[in-house]
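# turn this into a structure:
(one chain, ligands or ions: 1)
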Amino acid sequence: MKLGTKFIHAGVAPDPSTGAIMTPIFQTSTYVQEAPGVHKGYEYARTQNPTRAALQDALAAAENGNYGLCFGSGLAATDAILKLLNPGDEVIASNDLYGGTYRIFTKVFERYGIKFHFTAMQDANSITPLITDRTRLVWVETPTNPLLNIIDIAAVSRISQNHNLLLCVDNTFASPYLQNPLDLGADIVVHSATKYLGGHSDVVHGAIIVKEEAIAQQLAFIQNSCGAVPGPQDCFLVLRGLKTLHVRMQRHCENGEKIAHFLRNHNKVDKVYWAGFTDHPNHHVAKEQMRGFGGMMSFTLKDDSIEAAHKVLSGTHYFSLAESLGGVESLIGHPASMTHASIPREERVKNGLVDSLIRLSVGIEDVEDLIDDLTQAIG
Ligand SMILES: *Cc1c(COP(=O)(O)O)cnc(C)c1O
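Residues are numbered from 1 along each chain as shown. Predicted coordinates for the structure are as follows:
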C-alpha cells in the first residue's frame, strides 16, 4: 500500500454493527460484560476504547511501526516515554528542542533523578563523548524549531545501536508524510498530533509509535497506569485529519518552497532558515531522509530589532499571530517574545534566536495571497 492509501485505509474498517464507514465516536466509559470476565476485548475506557484503537492502528501503519499509543497531548506522550527510565539514568538530547520538551526534561524529570545532556546533533558524533554507562535514551527532534536544523537519524541510530541505547525521534515537524524515523533505525517515534496529524488547529493530542512488542507493552502499561489518555472525540478528529495528511502536506511543501524563495529574494530580509535550500548546511541529509521540505521556516530582518519584527508580525492578515503550527491556516510567530521568551536574551541570541527572527507555519491557502500578505507586511 502506498502512503496516501495507507493514511486513508489502514486501521479502519466499517463499523460492524451499522456499516458506518466512519469510525464511530465511542463516547463511553465502560462496557457491559456478558458474564464476569466475559467481554468483547473492552473493559474500561482508560484501558481501551474502539475509536482510540482504530487511530492507534492507523498511526502505527502511517509510521511503519507495529504499535501505536495515543495520549492527551504531545507532552503526555513524552511523559510516558520518560517513565520508561529509572532514577540515575541519563538522556542525550538535541539542543534545539521544542520548549515544552526542554521544560519537562529539566523542570520535571530532573527532579526524579534523571540526567539530561544537550548537544548540537547536526554533527551526530557529538553524542559519543556524552555516553556513559548510565545512558539509556537518545532524543532527537528534526527538523528543529525554530532554526530548521537537520539531524541525520540513520547516523544517530548507528551510534545508539552500538551502545544499546533507545533512540526516540520527535517527528512532529516532518509528519509521517515527509519522514519515517523507524525506517531509519529509531526505536520510538513521538508526535504532537496537535500539529500536522490533526492538521486543523482544533485538537490537542499526542501519539507514540514503536516496532518492538516489549517497548509497546511497557508503554501500554504506563498509558493505563498513569492515565493521560485522549477522549474518543479527539481521537476521531485526529483520525479524520490523518486521511488528508498527504494532500495537505503536498500543498504545505509547494507553498513553503515558493515562500522560502520569495523571502530569500526580499531586500529587507536577512537570513532564511529552510532545509530545502541547497546551501542549507544539512540539505543533503534532509534530501536523503525526507520526502519534501515542508512548510515550516523562519527568517530574520536586516533591521534586527524587536520593533521591526513586531511591525511585520502585526501587519499580516492571513498569517495569524499565534503559537502552534501545522494547521491548514498560516501562522506567524516571534520566538523572542513568544515560544522562547523564557530564555535569557544573551543565550537566545548566541543560539541564533535574534530579536528579528520570525517563524512561519505556511498553510495551504493560495500562495499568491500569502505572498501578497507578506509583501505588504514586510513593506
Ligand atoms: C507542540 C509540540 C510538542 C508538544 O505537543 P503538545 O501537543 O502541545 O503537548 C512537542 N514537540 C514538538 C516538536 C511540538 O511542536
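
# buried ones in the lowest-mean-pLDDT helix or strand in the chain?
Least confident element among the helices and strands of the chain, by mean pLDDT, DSSP states H and E: helix 345-350 (a mean of 88). By 16 or more other C-beta atoms under 10 Å, the buried positions in helix 345-350 come out as Arg348. Quick note: C-beta positions are derived from backbone N, CA and C, even for glycine.

# what packs against the next helix or strand after that helix?
Where DSSP states H and E defines the elements, the next helix or strand beyond helix 345-350 is strand 358-361. When contacts are defined as 3 or more C-beta pairs under 8 Å, 6 or more residues apart in numbering; DSSP states H and E, strand 358-361 sits against strand 296-301, helix 306-315, strand 331-333.

# dump the lengthiest helix in the chain to PDB, keeping only the CA atoms.
Secondary structure of the chain per DSSP state H: the longest helix is helix 245-264. C-alpha atoms of helix 245-264 as PDB (Å, rounded to 0.1, in the frame of the first residue of the first chain):
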ATOM      1  CA  LEU A 245      -2.300  14.400   5.600                       C
ATOM      2  CA  HIS A 246      -0.700  13.600   2.200                       C
ATOM      3  CA  VAL A 247      -2.800  16.100   0.300                       C
ATOM      4  CA  ARG A 248      -2.200  18.900   2.900                       C
ATOM      5  CA  MET A 249       1.500  18.200   3.200                       C
ATOM      6  CA  GLN A 250       1.900  18.300  -0.600                       C
ATOM      7  CA  ARG A 251       0.500  21.800  -0.500                       C
ATOM      8  CA  HIS A 252       2.400  22.800   2.600                       C
ATOM      9  CA  CYS A 253       5.600  21.800   0.700                       C
ATOM     10  CA  GLU A 254       4.700  23.700  -2.500                       C
ATOM     11  CA  ASN A 255       3.700  26.800  -0.700                       C
ATOM     12  CA  GLY A 256       6.700  26.500   1.600                       C
ATOM     13  CA  GLU A 257       9.100  26.400  -1.300                       C
ATOM     14  CA  LYS A 258       7.600  29.400  -3.000                       C
ATOM     15  CA  ILE A 259       7.600  31.500   0.200                       C
ATOM     16  CA  ALA A 260      11.100  30.500   1.200                       C
ATOM     17  CA  HIS A 261      12.400  31.700  -2.200                       C
ATOM     18  CA  PHE A 262      10.300  34.900  -2.100                       C
ATOM     19  CA  LEU A 263      11.800  35.700   1.400                       C
ATOM     20  CA  ARG A 264      15.300  35.000   0.300                       C
END
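
# what is the burial count for the closest residue to Lys243 other than its chain neighbours?
Leaving aside its sequence neighbours, Lys243 sits nearest to Ile8 (C-beta to C-beta, 6 or more residues apart in numbering; 4.9 Å). Ile8 has 15 neighbouring residues, counting by other C-beta atoms under 10 Å.

# same question for Ser305.
That count, for Ser305 with other C-beta under 10 Å as the rule, works out to 12.

# model confidence score at it, please.
pLDDT recorded at Ser305 is 95.

# what's the answer for Asp96, then?
So, for Asp96, pLDDT stands at 85.

# what's near enough to touch it?
Neighbouring residues of Asp96 by C-beta atoms under 8 Å, 6 or more residues apart in numbering: 120, 141, 144-145, 147, 149, 351.

# by contact count, what packs against the helix or strand hosting Arg158?
Secondary structure from DSSP H and E places Arg158 in helix 153-162. The helices and strands touching helix 153-162, judged by 3+ C-beta pairs under 8 Å, 6+ apart, are strand 135-141, strand 166-170.

# so which of those strands gets nearest Ile371?
Nearest to Ile371 among those is strand 135-141 (28.9 Å), distances taken as C-beta to C-beta.

# that closest one to strand 166-170, inter-axis angle?
For strand 135-141 against strand 166-170, the angle by axes from the mean of the first three to the mean of the last three C-alpha atoms, to 10 degrees is 20 degrees.

# where do the strands sit along this structure?
Ranges of strands within the chain are 67-71, 90-94, 115-119, 135-141, 166-170, 188-192, 206-210, 269-273, 296-301, 320-321, 331-333, 358-361, based on DSSP state E.

# adding mean neighbour count, write those out as JSON lines.
Converted to JSON lines, the strands of the chain look like this (neighbours: other C-beta atoms under 10 Å):
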{"stretch": "strand 67-71", "mean neighbour count": "25"}
{"stretch": "strand 90-94", "mean neighbour count": "24"}
{"stretch": "strand 115-119", "mean neighbour count": "17"}
{"stretch": "strand 135-141", "mean neighbour count": "23"}
{"stretch": "strand 166-170", "mean neighbour count": "25"}
{"stretch": "strand 188-192", "mean neighbour count": "28"}
{"stretch": "strand 206-210", "mean neighbour count": "28"}
{"stretch": "strand 269-273", "mean neighbour count": "19"}
{"stretch": "strand 296-301", "mean neighbour count": "24"}
{"stretch": "strand 320-321", "mean neighbour count": "15"}
{"stretch": "strand 331-333", "mean neighbour count": "22"}
{"stretch": "strand 358-361", "mean neighbour count": "26"}
